[in-house]
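Colleague: Got a sequence here, can you model it:
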Amino acid sequence: MKLCITATGNDLNAATDAAFGRAPWFVLIDTESGATQGIENTNSQAAQGAGIAAAQTMTEHGVDAVLTGRLGPKARTALESSGIGMHEGLGRSTVAEALEQFQAGHYGQDATSGQTASTGTSSRQAPTGPGAVRMQGNGSGMGQGRGKGKGGCRCGSGSGSGAGRGGGQGQGRRRGQ
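Modeller: This is a model prediction of the structure:
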């Protein structure tokens, strides 16, 4: 398997980097032969699209899986469409230590779409008698966040992303007893 680990340098002794699209280096490792290759991420400073460009780099180099700290939604979509496995949660270590943890099964396959879901049921019964009310409810929801923002001042400028999109549904009944 050809594994990519995001890093601050180009070899096994480099520190890992938790970003995917903004990581300065990608260390590609053939997990069967042990061969390594450092690839500089030339798109790490791009104003936008760094995650998508990084995913394209993975496809061009025949990567089977990526190990990183966090994937943005666009990078995740691009990797999914290319059939590249995704492993998130990379902490601070060296690339060699991260590889050992990966091979020991510390990072499970992340097959989610970046969404979180929750479901629940609740029931409350008031005391019996005239006017007593019984409440029941069911609910479920899914959400995903994305967005853009830019800012600047005389001393410099910056850009960032954030925002949200989500939806949910629920239902409940109120009955007198």
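
Colleague: Against K2, how distant is D64?
Modeller: For D64, the distance to K2 equals 5 Å [C-beta to C-beta, to the nearest Å]. Every C-beta, even on glycine, is put in place using the N, C-alpha and C of the backbone.

Colleague: quick one, which of the two is more surrounded?
Modeller: Set side by side, D64 and K2 show more neighbours around K2, with 17 against 14, by other C-beta atoms under 10 Å.

Colleague: hang on, that one packs against V27?
Modeller: No - if you go by C-beta atoms under 8 Å, K2 and V27 don't touch, sitting 11.2 Å apart.

Colleague: which regions of the chain lie under the pLDDT threshold?
Modeller: 108-177 (pLDDT under 70).

Colleague: what are the ranges of the helices in it?
Modeller: With DSSP state H, the ranges of helices along the chain come out as 50-60, 73-82, 95-103.

Colleague: Include mean neighbour count and distance to N41 when you put those helices into JSON lines, please.
Modeller: JSON lines is the format used below for the helices of the chain (neighbours: other C-beta atoms under 10 Å; distance: least, C-beta to C-beta, whole Å):
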{"stretch": "helix 50-60", "mean neighbour count": "20", "distance to N41": "6"}
{"stretch": "helix 73-82", "mean neighbour count": "18", "distance to N41": "12"}
{"stretch": "helix 95-103", "mean neighbour count": "18", "distance to N41": "14"}
